[in-house]
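1. Would you be able to build a 3D model of this:
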Amino acid sequence: MVDQPIVDAGTVTADGAYDTRRSHTAIIDRLATAIIPICKNGRPWTEDCPAAIARNETLRATRHYGRAFWKRWTGYDVRSRIEAKMRCLKAFGERIAARDPDRQTAEIQIRVALMNRFSALGTAEIVRVA
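-> Below you'll find the predicted structure:
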C-alpha cells in the first residue's frame with residue numbers, strides 16, 4: 001500500500017518521500033501549499049522555479065525554529081498521530097472479519113475501545129504533592 005498524501009483545501013500534507021521537485025511543482029501548479037517535512041540533512045535547492053523557492057522557505061523555517069515547532073505550526077503533527085493510531089488499529093488484524101455493515105461498525109468500535117483501554121493502562125497517574 002502506497003502512502004498517499006492528504007489533500008485539504010489549499011494544502012497538501014505528505015511524508016518526506018514526496019520532498020521532490022516533481023511533487024512540489026505539481027502542488028504549486030494546483031495553487032496549494034505543500035506541508036512536507038524536509039530530511040534532517042536536506043540541502044537548499046537552486047531557486048530556479050517557484051517550487052524550489054517555497055521548499056527553501058520551509059527549509060529555512062525548519063532550521064530556524066526547529067522541526068518540532070514546524071510540525072506543530074503547520075499541523076503536520078496531527079498526521080503523525082493519525083498514522084500511529086492507524087498502526088495500532090491494524091495490530092488487531094489487517095482486515096475486518098464481519099460482513100454486515102452494522103457488525104463492521106461494532107467491530108471497529110470494539111477495537112477502538114481496546115486501544116483506549118490500553119492507552120489508559122499505560123498512562124501515568126500524576127498526583128500533585130503540596
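2. Tell me the pLDDT of the residue most central in space within the chain.
-> In the chain, the residue lying closest to the centroid (Cα atoms, centre = their mean) is residue 79, at 2.4 Å. Note for residue 79: predicted pLDDT of 81.
3. Tell me how far the closest residue in space to it that isn't next to it in sequence lies from residue 86.
-> Nearest residue to residue 79, sequence neighbours excluded (Cβ to Cβ, 6 or more residues apart in numbering): residue 13, at 5.3 Å. The C-beta positions use only the backbone N, C-alpha and C, and glycine is treated the same way. Separation of residue 13 from residue 86 (Cβ to Cβ, to the nearest Å) stands at 15 Å.
4. After the least confident helix or strand in the chain by mean pLDDT, which helix or strand is next?
-> The weakest-scoring helix or strand in the chain, judged by mean pLDDT, DSSP states H and E, is strand 6-8 (a mean of 59). Next in sequence after strand 6-8, counting helices and strands by DSSP states H and E, comes strand 11-13.
5. Name the residues of that next one that come out as buried.
-> 12-13 (16 or more other Cβ atoms under 10 Å).
6. name the helices or strands packed onto it?
-> For strand 11-13, the elements it packs on are strand 6-8, strand 33-35, judged by 3 or more Cβ pairs under 8 Å, 6 or more residues apart in numbering; DSSP states H and E.
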